[in-house]
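Chemist: Whatever this is, show me its structure:
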Amino acid sequence: MNTQIKTAFYWLLLGICFLTHTVLHMYGLFYGVDVSLPEATGEVSLGVQAFNTVIFTVTFLMALLSVNLSSKGFRRFSFVWASLFLLLNIFHLGATAFVEAFDLSQVCLLTFVLAANVLLTVTLWKSLKKSPVELTAR
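Modeler: Here you go, the predicted model:
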C-alpha cells in the first residue's frame with residue numbers, strides 16, 4: 001500500500017476512534033448515569049467547541065489532505081501533528097486507566113488509538129526519508 005493511502009487511512013481511523021470514544025462516554029446514559037460535567041452550564045463553551053473542531057474536523061481534514069498532498073512540507077506538518085496527537089493519546093490513556101473511574105471499553109479503545117497513532121507517526125517519519133516519487137510507488 002502506498003504511503004499516502006496508508007497515512008490517510010490512519011488519520012481516518014483516528015477520527016473514527018475519536019468519535020467512538022465520545023459515544024462510549026455517553027453510553028452511561030442508557031443505564032441512567034449522569035454524564036454531565038459538574039461545572040456544566042447548559043452551554044458548550046467556545047474553548048470546548050474549538051477543541052472538538054481541532055480533534056475531529058482537523059483529523060478528517062488530514063485524512064483528506066493526505067490523499068491529495070505529498071510534499072515534504074505537508075508530510076512534516078502531518079508528522080508534527082501526529083506527534084502532538086501521540087502525546088495527547090499517551091496522557092489520555094494514562095488518565096483513563098489510572099486517574100479517572102476505570103472503564104474497560106475506554107481503556108481498550110484508547111490503547112488501540114495509541115497503537116494506530118504510533119503506526120501513523122512511524123509511517124510519517126519513514127516518509128520524510130523518501131522522495132515524493134517513492135511515496136506513490138508500491
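Chemist: quick one, what contacts V118?
Modeler: Neighbouring residues of V118 by C-beta atoms under 8 Å, 6 or more residues apart in numbering: L86. Heads up, the C-betas are built off the backbone N, CA and C, glycines and all.
Chemist: ignore the last one, M26
Modeler: M26 touches V35, counting by C-beta under 8 Å, 6+ apart.
Chemist: Check which helix or strand it maps to.
Modeler: Per DSSP states H and E, M26 falls inside helix 3-26.
Chemist: before we move on, what about E43?
Modeler: For E43, there is no host helix or strand (DSSP H and E).
Chemist: ok, V113 to L19 distance?
Modeler: From V113 across to L19, the span is 11 Å (C-beta to C-beta, to the nearest Å).
Chemist: before we move on, the earlier item: after the helix holding M26, which helix or strand is next? Please name it.
Modeler: Sequence-wise, the next helix or strand downstream of helix 3-26 (DSSP H and E) is helix 46-52.
Chemist: tell me which residues in the helix or strand hosting N89 are buried?
Modeler: In this structure, N89 sits in helix 72-98 according to DSSP H and E. Under the neighbour-count criterion of 16 or more other C-beta atoms under 10 Å, helix 72-98 has F74, R75, S78, F79, W81, A82, F85, L86, N89, H92, L93, T96 buried.
Chemist: for the helix holding M26, the distance to its chain's centre please.
Modeler: Chain-centre distance of helix 3-26: 6 Å, with C-alpha atoms, centre = their mean, to the nearest Å.
Chemist: So for that helix, mean pLDDT?
Modeler: For helix 3-26, mean pLDDT rounds to 95.
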